[in-house]
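[1] Quick check, what structure comes out for this input:
(one chain, ligands or ions: 1)
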Amino acid sequence: MEVKVFQTKVKVAEEFSKFLIEKSANKKTYHIALSGGSTPKIVFDVLAEEFADAIDWNAIHLYWGDERCVDPEDEQSNYRMTKEHLISKVAIPKENIHRIKGENDPKSEAERYSEVLETELPKELGLPQFDMVILGMGDDGHTASIFPHEINLWVSPDNCEVAIHPESGQKRVSLTGRMINNAKTVVFLVTGESKAEKVKIIVDREEGYLEFPASHVAPKTKDLVWFLDAAAAKLLTSFQS
Ligand SMILES: O=C(O)[C@H](O)[C@@H](O)[C@H](O)[C@H](O)COP(=O)(O)O
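    Okay, the predicted model is just below:
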């Protein structure tokens with residue numbers, strides 16, 4: 001696990017963009033699962049507006065780590081957020097966009113998307129392998145849409161599961177641990193003071209850390225990088241701003 005801390009969200013976005021450019025350079029295809037929520041917005045804006053020319057978008061295939069079970073034009077849709085902040089600004093072929101169809105029946109969509117991953121991704125150890133999975137982390141330590149109250153979904157034998165948001169009850173389709181931990185590279189993009197307490201427990205492996213799904217992210221390749229801003233990292237013993 002590598003922890004990179006930068007003073008501001010914009011700096012996190014810039015440094016992550018350079019990281020992605022380096023990782024995807026000279027690759028014929030590069031399969032990335034994206035996180036949703038609000039953190040990626042600034043990252044996608046910076047990537048699209050400042051670094052787009054350094055990426056071969058014909059090689060990039062976009063997937064999602066999770067999606068809310070809503071229409072793709074709904075303001076809660078992770079696909080809609082990604083389209084607004086990234087896809088609409090770069091020359092990525094539409095056939096390279098593999099969205100989770102939030103408008104479908106959740107259980108059927110989890111099955112369909114599991115099949116998409118089997119078909120589209122190369123295999124490693126018999127499982128579909130992403131080149132990169134980008135994750136966020138909730139204030140409650142969830143990641144993708146695996147929440148603490150349903151942490152059993154992490155060890156599902158399937159590639160995707162239907163999850164339920166603990167407060168809103170909203171259904172979501174999420175990658176499971178076996179997809180996330182089979183990736184070549186896993187990146188956490190976590191910013192803001194509200195994340196600091198869980199970042200400390202999870203990164204410093206404090207007592208009870210395994211209650212939180214984000215703690216279970218451990219790619220077999222060991223290529224796990226946390227990109228944090230100073231606010232999210234402020235309680236880390238290994239970092240004092
Ligand atoms: O669909 C989602 O909401 C995300 O995939 C989720 O896992 C997100 O990454 C965290 O909840 C952090 O969200 P913020 O970036 O909004 O804090």
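[2] Show the contacting residues for the residue of the chain found nearest the ligand.
    Going by Cβ to the nearest ligand atom, the ligand is nearest to residue 136 of the chain, at 2.2 Å. Where C-beta positions appear, they are placed from N, C-alpha and C, glycine not excepted. Residues near residue 136 by Cβ atoms under 8 Å, 6 or more residues apart in numbering: 35-37, 39-40, 143, 188-190.
[3] 10 Å instead?
    Residues near residue 136 by Cβ atoms under 10 Å, 6 or more residues apart in numbering: 34-40, 43, 65-66, 142-144, 188-191, 195, 214.
[4] Could you do residue 138 as well?
    37, 144-148, 165-166, 190, 194-195, 198, 212-214 are the contacts of residue 138 under Cβ under 10 Å, 6+ apart.
[5] picking that back up, among the contacts of residue 136, which ones are in helices?
    Within those, residues falling in helices by DSSP state H are 39-40, 43.
[6] Top of those residues by number of neighbours, please.
    Neighbour counts for the ones in helices among the contacts of residue 136, by other Cβ atoms under 10 Å, peak at residue 43, which reaches 28 neighbours.
[7] Apart from its chain neighbours, what residue comes closest to it?
    Once flanking residues are discounted, residue 43 sits nearest to residue 13: 4.4 Å by Cβ to Cβ, 6 or more residues apart in numbering.
[8] List the contacts of the one you found.
    Residue 13 neighbours (Cβ under 10 Å, 6+ apart): 6, 39-47, 49-51, 189, 191, 227, 229.
[9] so it sits in a helix?
    Yes: according to DSSP: H, G, I helix; E, B strand; the rest coil, residue 13 belongs to a helix.
[10] so where is the chain shaky, pLDDT-wise?
    For the chain, the stretches flagged by pLDDT under 70 are 239-241.
[11] now the helices for it?
    Counting by DSSP H, the helices of the chain are 9-24, 39-50, 78-85, 106-120, 177-180, 196-203, 230-233.
[12] just these: most buried one?
    helix 230-233 (a mean of 23; mean count of other Cβ atoms under 10 Å).
[13] returning to what we had before: quick one, which of the helices of the chain gets closest to residue 131.
    Among the helices of the chain, the nearest to residue 131 by Cβ to Cβ is helix 9-24 (7.3 Å).
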